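**Q** kindly generate the corresponding structure for this input.
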Amino acid sequence: MPYIADLHVHSKYSRATSPDMDVENLSKWAKIKGIGMLGSGDFTHPAWLKELKTKLAEKEYGIYAHNDIDYILSTEVSNIYFKNGRVRKIHNIIIAPSFAVADEINKMLAEYGSLESDGRPILSIECDKMARALRKISKEIMIIPAHIWTPHFSLFGSNSGFDKIEECFEDESAHITALETGLSSDPPMNWRLSSLDKYTLVSNSDAHSPSKIGREANVFREKIGYRELKEILEKKDRERFLYTIEFFPEEGKYHWDGHRNCEARLSPGEAKNVNYRCPHCGKKLTIGVMNRVEHLADRAENFVLESAPGYRNLVPLIEIIADSMGVGKESLGVGREYHSLVQRLGSEFDILLYMPKEEILKMCPPKIANGIINVREGRVRVLPGYDGVYGTIEIFSEGSHKEDKQMTFF
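**A** Below you'll find the model as predicted:
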């Protein structure tokens, strides 16, 4: 059975996260989802690091365990600094091979910001300088630029990012081997930049509540350890790294351009026609991921990079159930049906990815079964997200939408 890893989550010590983001609930939901490896998240926060040291048992080099779930020590940091005439706001994932190394990382990073203030600390250190300092601590440390297209806090972000990786990481660029796509982009969008061909694309949930883990993830052929993961990312090993699990990127909350206060949602072409100003109030639009990709791309849409691992666009099972019932995903009935299915049929990923079609039709309620199959076969349509507003996905063809003219079809 393939081995699924979600390397980027948060803890209860990060802002705007659920108080249930603790080790017990993360392990519980990893089993429900069918995830074999989780990033610990937030090891820079002293209180969370103390909990991790108490609750995780060392299993092998770089791998810890709780309740039969593998953990790898990870954190996300927010690098905010001034460079080349602009304020830069870049988020990076740091992965450490041991608690001893994590302690050394925290000692170094504490010179540039308060680690106690947030699970994702704000640091006044340049990305290249941080990468250089981390490599001095241990060459086993991995650095992965996070959700690289998000407008406000990312490597290529329209508001505070760079046009090239080398502008950000300078002479440390050679040591960056993987990039996180983020919820608003998927591999085909990134394949349009030939400059990214050498990097391995990973996808993670960036979850702020336990039920959201695995909404994006990485699928490996078999169980891997720390050094195997590092080697796979360095070598872009398609034999061992099978594919990423992705949102439909249009569902991400920064896919198109827009202005949330006026509910203005615009495609890149429409935004250009209004000079990137809100057509209702005239304020500047938030430039989304698709527009930024178009700006930097040197390849046409639908280009396929043959040397890259594959990808699968999925919709979480809870959303399929909610859509089939015509109610919100927080409904008690939706929750009951979700837990009934995973108790009877296996983990969420078993159902969404691996269960034969005929078994789905036999074992699931008819409309839910049709929804799962529609998602597998790409028969969905999405109203793209914009300016912090998630896109909405329509799984059943009989539905209609008041903004149907703007929906993207698959």
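
**Q** residue boundaries of the strands in the stretch 251-400 of the chain?
**A** Under the criterion DSSP state E, counting those that start in this stretch, strands of the stretch 251-400 of the chain are mapped to 257-259, 264-266, 310-313, 381-383, 392-394.

**Q** which secondary structure elements does the longest one contact?
**A** When contacts are defined as 3 or more CB pairs under 8 Å, 6 or more residues apart in numbering; DSSP states H and E, strand 310-313 packs onto helix 187-191, strand 241-246. Any C-beta I mention is one placed from the backbone N, CA and C, and that applies to glycine too.

**Q** let's see that with 6 Å instead.
**A** With contacts defined as 3 or more CB pairs under 6 Å, 6 or more residues apart in numbering; DSSP states H and E, the secondary structure elements packing on strand 310-313 are strand 241-246.

**Q** okay, whichever helix or strand Ile143 is part of in CSV with CA atoms only?
**A** With elements taken from DSSP states H and E, the one containing Ile143 is strand 142-145. What follows is strand 142-145 as a C-alpha-only set of coordinates in CSV (Å, rounded to 0.1, in the frame of the first residue of the first chain):
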residue,chain,number,x,y,z
MET,A,142,15.6,20.5,4.7
ILE,A,143,14.2,23.9,3.7
ILE,A,144,11.1,24.0,1.5
PRO,A,145,9.7,27.4,0.4
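
**Q** give the rounded mean pLDDT of the very next helix or strand once past that strand.
**A** Tracing the chain past strand 142-145, the next element assigned as helix or strand by DSSP H and E is helix 165-169. Confidence over helix 165-169, taken as the mean pLDDT, stands at 98.

**Q** list the contacts of helix 165-169.
**A** For helix 165-169, contacts defined as CB atoms under 6 Å, 6 or more residues apart in numbering pick out 127-128, 131, 155, 162, 173, 176.

**Q** mind picking the two most distant members of the residues you listed?
**A** Pairwise distances across these (CB to CB) peak at 14.1 Å, for the pair Ala131 and Phe162.

**Q** looking at those two, which is more packed in?
**A** Ala131 (23 against 19; other CB atoms under 10 Å).

**Q** mind checking how far the closest residue to the more buried one other than its chain neighbours is from Tyr390?
**A** With sequence-adjacent residues excluded and distances taken as CB to CB, 6 or more residues apart in numbering, Ala131 is closest to Glu172, at 4.0 Å. Applying CB to CB, to the nearest Å, one obtains 34 Å for the distance of Glu172 from Tyr390.

**Q** for those two, indicate the residue with more neighbours.
**A** Counted by other CB under 10 Å, Glu172 and Tyr390 do not tie: Glu172 has more neighbours, with 21 against 18.

**Q** mind listing what the residue lying closest to Tyr64 once chain neighbours are set aside touches?
**A** In space, Tyr64 comes closest to Leu56 once its chain neighbours are excluded; the distance is 3.8 Å by CB to CB, 6+ apart. With CB under 6 Å, 6+ apart as the criterion, the residues that contact Leu56 are 64, 66, 71.

**Q** I am finished for the moment; much appreciated.
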